[in-house]
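Asker: Need a 3D model of the sequence below.
(4 chains)
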Number of protein chains: 2
Amino acid sequence: MTTTTRPGTTAPNPARRGLRATAKVLPEHARAHNRSLVLGHLFHEGPSSRADIARSTGLTRVTVSDLVAALLGEGLVAELGVRAEGRVGKPATLVGLRSADHHVVTVDLTDDETVHGAVMTLDGEVVTRAHEPSAGTTGPEAVDLVEDVCRRLLDATQQPVVGVGISSPGVIDDAGVVLEAPNRGWFDVPLAARLTDALGLPVHVANDANTRALGEYTFGGADPSTMILTVGQGVGAGLLVDGALVRGRGHAAGEIGHVTVVDDQTAGEDALPCACGRTGCLETVLSAPALRRRVAGLDPQDSDAALASVGRMLGRALAPVVSALNLAEVLLSGPPELLDGPLREAALVTVRSRTMPVIGQDLRLRAATLDEDAALAGAAVLVLSGQLGIT
Amino acid sequence: MTTTTRPGTTAPNPARRGLRATAKVLPEHARAHNRSLVLGHLFHEGPSSRADIARSTGLTRVTVSDLVAALLGEGLVAELGVRAEGRVGKPATLVGLRSADHHVVTVDLTDDETVHGAVMTLDGEVVTRAHEPSAGTTGPEAVDLVEDVCRRLLDATQQPVVGVGISSPGVIDDAGVVLEAPNRGWFDVPLAARLTDALGLPVHVANDANTRALGEYTFGGADPSTMILTVGQGVGAGLLVDGALVRGRGHAAGEIGHVTVVDDQTAGEDALPCACGRTGCLETVLSAPALRRRVAGLDPQDSDAALASVGRMLGRALAPVVSALNLAEVLLSGPPELLDGPLREAALVTVRSRTMPVIGQDLRLRAATLDEDAALAGAAVLVLSGQLGIT
DNA sequence: TCACGTTTGTTAGTAGACCTTCCTTACAAA
DNA sequence: TTTGTAAGGAAGGTCTACTAACAAACGTGA
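Answerer: Numbers count the residues shown, from 1 in each chain, chains lettered A, B, ... in the order given. Coordinates of the predicted model:
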């Protein structure tokens, strides 16, 4: 195996678990937290002087110098020479995150037909891609397939790899155990642990709707209170509340695709049967295939009206959620020709008309910015967050 | 002023802000966090030996002994003699939180006519109550009124007071600034800061629906993923997701009372005008006055049917929220004769029929356990959480 | 031109917090 | 009486971040 351990590979960051959960805090955890603060500043603000970082984090220059020295030793940051601008005082030495010199391996299992993977920089730029047909592969074979894709990507880069991030449909717990992913035939599969063992690298696994939300938040400029609706074969949602992912009691948060939106009382619509065994689910009208069927053969005007009627149904389902959570944004991810027009506009009008002004007026309902790579970018964020503490 | 500083009054706990926000972590913050761990264990598990605490928190016995010694010095805990049970080894010395020897002053402003206040123990037991008519009192006078009630309660106890917790309707930010409370005529009033200055004690202020949620969580055994619907003059909701309060983008989370639930497409109902200027809001059918009007003069059978029809409307509004957040529980707080019967049952049936089984089957929809004191208990939790780190 | 203030980054010393290791005390069971 | 187990404390070591002081390097203004 060519990719056991690599120089610069960082150890798991104890701060992430230690500081938010109800667990003890040791000096080393505090250190890791402050280290993450430095990395986070460099990630979001770009190259800065040690003094800049000290002002931003509240730590002293001495402590920042110490932390930066450690990061220089790890190779995660580099000195970039003195700042050009002429100000009074000693010129600042700029320090920058070596984003392009460290890679993250990401895999997206959203597509049933193909496993998509990539080598990415810490900035979320794709360096190399991999595609592997996977139709019909299930159970342990599907795990092996994911492992193969990871290995191929690891072999494709000479840079240190910080970790592996995997974005998968299904119900997945905090530890990266896939509790239930019917498409792959996975039930209680400890995917993260298994791949960590096999690859010798930290592996993080999360639900694809959630990773998309993370990706839009970190790389797409989404608000900390955002819901991202992904429209593909089905309809899923990732939910970010006050900057944190919502997991919910059975780790099944975001399963909004099977909320009833069409029923007897809704005039002019027939409740269609859904794959879940019930009828009138949001998915029966909003999934990409359903939308395509709905507009097939219609002239543009009728097509717009048909999309708007779906938008109104979506709006009726969104209104209570937007109200209860006081969301700032709802993002639509999926075919723009279907979503980013009359459907979106009708949904927004409906939400506004069904919520009080303070809730609906400031709401933004827009297309997602990252498109098909959002899940990969979000998988990278899993690694950035888990290994480096960058959010 | 008789209540400047009292022995045993604890300083603000830096761990609460320092460890969750994106701020530096100093050794003293780690210490405060671990101290909270000890207090939290004693609060939830009752009297324990130092060794028990060490096992539960993961800290060493040495460290726990040190922390307990500090807490003994502060008077927050006391040694309760040796454990009775005969086990091998040296008998354990039990240490317990002195819940009854420390008080919390709480105020609930939910009721427009009367300010309700209480002196409570750390266990949430009410020691003394205070009631002050407040109809028509607004603006600065209303602030003075709250201050007076606090002073009276502080004078009524000889025990050290850990802090003051206030539960108020309106939009309130993390710092205890009342951004908007029309009933009291408060706009951008820094209530917490003002009372902290006036009383010389730490004061915490939060929205009443949110404090109710906290109260039900800490003292009522509610699940960490719970929504509590309060039905009174209006309809409000507090939302707890994964154990944390949801505040939302304008701190207006939980404003579910003005979601449209009755509209042209809903058969057999007329959309009533709402105080918010729109029609068909949840509040127009679910508020206590609306429910009373609805059942007035009906025989029991018709009354049940009328309540069930409101339950169905509630269920339609809840279904998307429950789905999106994968909530474990929805609690109803308000007149049980109206809520805890056909209304609740119909709402649950409706939510279940409109969500996928994995979401709806495990959902509990039940009456809140704390009733009228929930807001006071929640205000106490604000203090416990803010000053002692107990959640 | 040159002293002065400003800003950066480093060195040295200090205080806090937790750990490991070892010890004493106290009890139950053989 | 002996042995094993558990609780609690004392001593010493390590880690972390802070304060204080200082050197280097650069504008600024007399």
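Asker: after the element among helices and strands of chain A having the smallest mean pLDDT comes which helix or strand?
Answerer: Here the helix or strand of chain A ranked lowest by mean pLDDT, DSSP states H and E is helix A:14-20, holding a mean of 29. Using DSSP states H and E, the helix or strand that directly follows helix A:14-20 along the chain is helix A:27-45.
Asker: Tell me if that next one is near chain B.
Answerer: Yes - using C-beta under 8 Å from any C-beta of the partner chain, helix A:27-45 comes into contact with chain B via A:27, A:29, A:30, A:33, A:34, A:37, A:40. (C-beta placed from N, C-alpha, C; glycine too.)
Asker: Let's have the residues you listed in a markdown table, adding neighbour count and pLDDT.
Answerer: A markdown table is the format used below for these (neighbours: other C-beta atoms under 10 Å in any protein chain shown; pLDDT from 0 to 100):
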| residue | neighbour count | pLDDT |
| --- | --- | --- |
| A:27 | 10 | 86 |
| A:29 | 22 | 89 |
| A:30 | 25 | 90 |
| A:33 | 25 | 92 |
| A:34 | 23 | 94 |
| A:37 | 24 | 93 |
| A:40 | 21 | 94 |
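Asker: Export those residues to TSV and append columns for distance to residue A:158.
Answerer: Rendered in TSV, the data for these read as follows (distance: C-beta to C-beta, whole Å):
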residue	distance to residue A:158
A:27	36
A:29	33
A:30	35
A:33	31
A:34	31
A:37	30
A:40	27
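Asker: The residues you listed also near DNA strand C: which ones?
Answerer: Among the residues of helix A:27-45 next to chain B, the ones lying near DNA strand C by C-beta under 7 Å from any atom of the strand are residue A:27.
Asker: Identify the farthest-apart pair in the residues of helix A:27-45 next to chain B.
Answerer: For those, the farthest-apart pair by C-beta to C-beta is A:27 and A:40; their separation is 20.1 Å.
Asker: Walk me through the domains of chain A.
Answerer: As given by automatic domain parsing, the domain ranges for chain A are A:14-97, A:101-214+A:374-388, A:223-368.
Asker: Can you convert the ones you listed into a markdown table and add a column each for distance to residue B:278?
Answerer: A markdown table is the format used below for those (distance: least, C-beta to C-beta, whole Å):
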| stretch | distance to residue B:278 |
| --- | --- |
| domain A:14-97 | 40 |
| domain A:101-214+A:374-388 | 30 |
| domain A:223-368 | 7 |
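Asker: Could you pick out the longest helix of chain A?
Answerer: For chain A, the helix with the greatest residue count under DSSP state H is helix A:300-325.
Asker: So what are the sheet partners of the following helix or strand past that one and their directions?
Answerer: As assigned by DSSP H and E, the chain's next helix or strand after helix A:300-325 is strand A:329-333. Strand pairing for strand A:329-333, using DSSP bridges, gives strand A:226-231 (parallel), strand A:364-367 (parallel).
Asker: looking at these, which is buried most?
Answerer: strand A:226-231 (a mean of 26; mean count of other C-beta atoms under 10 Å in any protein chain shown).
Asker: what is the mean pLDDT for it?
Answerer: When pLDDT is averaged over strand A:226-231, the result is 96.
Asker: what inclination does it have with respect to helix A:300-325?
Answerer: Relative orientation of strand A:226-231 versus helix A:300-325 (axes from the mean of the first three to the mean of the last three C-alpha atoms, to 10 degrees): 140 degrees.
Asker: downstream neighbour of strand A:226-231 in the secondary structure list?
Answerer: With DSSP H and E, the next secondary element past strand A:226-231 is strand A:235-241.
Asker: My guess is residue A:199 contacts residue A:151. True?
Answerer: Yes - judged on C-beta atoms under 8 Å, residue A:199 makes contact with residue A:151 at a distance of 7.2 Å.
Asker: Restricting to C-alpha, output stretch A:323-342 in CSV.
Answerer: What follows is stretch A:323-342, C-alpha atoms only, in CSV (Å, rounded to 0.1, in the frame of the first residue of the first chain):
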residue,chain,number,x,y,z
SER,A,323,-41.2,30.3,10.7
ALA,A,324,-40.1,27.9,13.4
LEU,A,325,-36.4,28.3,12.7
ASN,A,326,-36.4,31.9,11.5
LEU,A,327,-34.2,30.8,8.6
ALA,A,328,-32.3,33.4,6.6
GLU,A,329,-32.0,31.4,3.4
VAL,A,330,-33.4,28.5,1.6
LEU,A,331,-31.2,27.2,-1.2
LEU,A,332,-32.3,25.1,-4.1
SER,A,333,-29.8,22.7,-5.6
GLY,A,334,-30.7,20.8,-8.7
PRO,A,335,-31.6,21.4,-12.4
PRO,A,336,-31.7,25.2,-12.7
GLU,A,337,-33.9,25.1,-15.8
LEU,A,338,-36.6,23.5,-13.6
LEU,A,339,-36.0,25.1,-10.3
ASP,A,340,-34.6,28.6,-10.8
GLY,A,341,-37.5,30.2,-12.4
PRO,A,342,-41.3,30.2,-11.9
